[in-house]
Every structure is written in structure tokens, then in C-alpha cells.
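1. Model the following, please.
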Amino acid sequence: MTAPRSGAVVAVKKCGGAEERVRGRRPAGTPGAMTAPRSGAVVAVGEGRTGFTYIELMATIAILMILAAAILPTAKVVRKRQKEIELRRQLRIIRTAIDGYHDAVRQGRIGGTDVKVGSEGYPPDLETLVKGVSQVGKVDVKLKFLRRVPFDPMTGKQEWGKRCYQDDPGDTSWCGENVWDVYSLSGGVGLDGSKYKEW
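-> Below you'll find the predicted structure:
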């Protein structure tokens, strides 16, 4: 770019968004007179930009949408895994209570009318584990094995599938005589591909 002549004034005029340079001269010593640049100097006049352009805004929105699409499925997996951990914990609590009842029968701490023929020493239902049964040899003393029947985190209910001691491991119909095992009534499938009712 050619440097302005000595005494020349460089002004900038905006026209339709573009900048146009206009050269002019002012008498020396007059108010507002501009000192001419030295020979070889370059005068550049510009205006700073602030904010976002439309393209930058759209690009930012697109990136946020991609990130949200990646995060949402991960959050669903995390919630499902937490429910599965809770399901295993509740099943373990109930099965431990059933085994505790059975051990008490074998040890002679539960007997008489509380142990029905054909029960094989297992509780008649889950509510019995909560209400408790009389302890042999002690008056007004009950043995309790659960504070309450746990909720199935998959169904949100206190209902569980039950199997008798006489049933096959995969049976889904309860004989009604005793509770040897429990399983979830949910028809869902776990993250490992197995059915919840088979846990």
C-alpha cells in the first residue's frame, strides 16, 4: 500500500458495510489537522468485532446436540445398572431370610403348628417372615426374619414370584405350600442379556 503524501489526511468512510478510504488535505495548523505519516508508513484503520456470527451460533448448537445425544444413552445405562444392583440386593435379602427360617426349623427353634407337613421346613409365605413365628420353649417370643417385604425395583411393587421346594428351578407357577425361592416378576432383560426372572 502506498503511503500518503506529506500533509495528506486519511479518512475512512463506511459505505454499505464496506470501508472506503478518502484522501484529503487540511491546512497546516488548523484545528483537527492530522499529521501525515512518515514516508513508508502504513495506515490501517479497522473496527473490532464482538459477539457471534450466525454460522458460529449454529455450529455451537450442533456441538451441544451431539454431546447431549452421547450423554443421554449413557445416563439410561447408569440408571438401569443401579436398578439391577438393587434387584440383586433385594433378592439376596429375601433368600437369606428364607434360609434363616429353614435353619431355625432344623435347629428346633421353630416347631409345632408353625411347621406344616410338606413344607420341608420352609416358610408358608413371605409375610410369615415379617410377622414372625413363636420360638419353641419361650413364651411370647417370636422369631422374625424380615422387617418388611422388599420392593422389586423393576416393578416398583412388593410382589415377587415364588417357588416351592418341590418345584423345578425354572417353574413360574407356585404350589402354595411353601416358599423355597423368589424371583422378579419383571419381564425385562438385563444389561448382560439375561432375564430378570432368571436371577
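2. Poorly predicted segments of the chain, please.
-> Screening the chain residue by residue with the criterion pLDDT under 70, one finds the ranges 1-52.
3. mind running it again at 90?
-> In the predicted model of the chain, residues 1-77, 111-119, 136-141, 168-173, 175-176 satisfy pLDDT under 90.
4. quick check: longest helix of it.
-> Selection of the longest helix in the chain by residue count, based on DSSP state H, yields helix 54-106.
5. Would you mind pulling up the elements that that one packs against?
-> In terms of contacts (3 or more CB pairs under 8 Å, 6 or more residues apart in numbering; DSSP states H and E), helix 54-106 is packed against helix 126-131, strand 181-183. Every residue, glycine included, has its C-beta placed from N, CA and C.
6. highest average neighbour count across the ones you listed?
-> The highest average neighbour count among those, using mean count of other CB atoms under 10 Å, belongs to strand 181-183 at a mean of 20.
7. what lines up beside that one in the sheet?
-> Taking DSSP bridges as the criterion, strand 181-183 pairs within the sheet with strand 161-163 (antiparallel).
8. so how far is the partner strand off the chain centroid?
-> Centroid separation for strand 161-163 versus its chain: 30 Å, with CA atoms, centre = their mean, to the nearest Å.
9. Residues contacting it, please?
-> Contact with strand 161-163 is made by 125-126, 169, 171-172, 174, 179-185, 197, as judged by CB atoms under 8 Å, 6 or more residues apart in numbering.
10. what's the burial count for residue 89?
-> The criterion is other CB atoms under 10 Å. On that basis, residue 89 has 11 neighbouring residues.
11. just residue 123 next, same as before
-> Neighbour tally, residue 123, other CB under 10 Å: 26.
12. Check the secondary structure at it for me.
-> Classification of residue 123 by DSSP: H, G, I helix; E, B strand; the rest coil places it in coil.
13. And it, how far from residue 66?
-> As judged by CB to CB, to the nearest Å, residue 123 and residue 66 stand 54 Å apart.
14. got it, and residue 98?
-> Per CB to CB, residue 98 is found 50 Å from residue 66.
15. Kindly report the same for residue 129.
-> 51 Å.
16. what do you get for residue 188?
-> Taken as CB to CB, the spacing of residue 188 relative to residue 66 amounts to 29 Å.
17. more crowded one of the two?
-> It is residue 188, of residue 188 and residue 66, that has more neighbours when counted by other CB under 10 Å, with 14 against 10.
18. just checking, the more buried one touches residue 196?
-> Yes. Assessed by CB atoms under 8 Å, residue 188 is found in contact with residue 196 at 5.2 Å.
19. Find residues that contact each of those two.
-> Shared contacts of residue 188 and residue 196, defined by CB under 8 Å, 6+ apart, are found at residue 154.
20. Run a quick neighbour tally on the closest residue to residue 170 other than its chain neighbours.
-> Once flanking residues are discounted, residue 170 sits nearest to residue 198: 7.8 Å by CB to CB, 6 or more residues apart in numbering. The local packing of residue 198 (other CB under 10 Å) involves 11 other residues.
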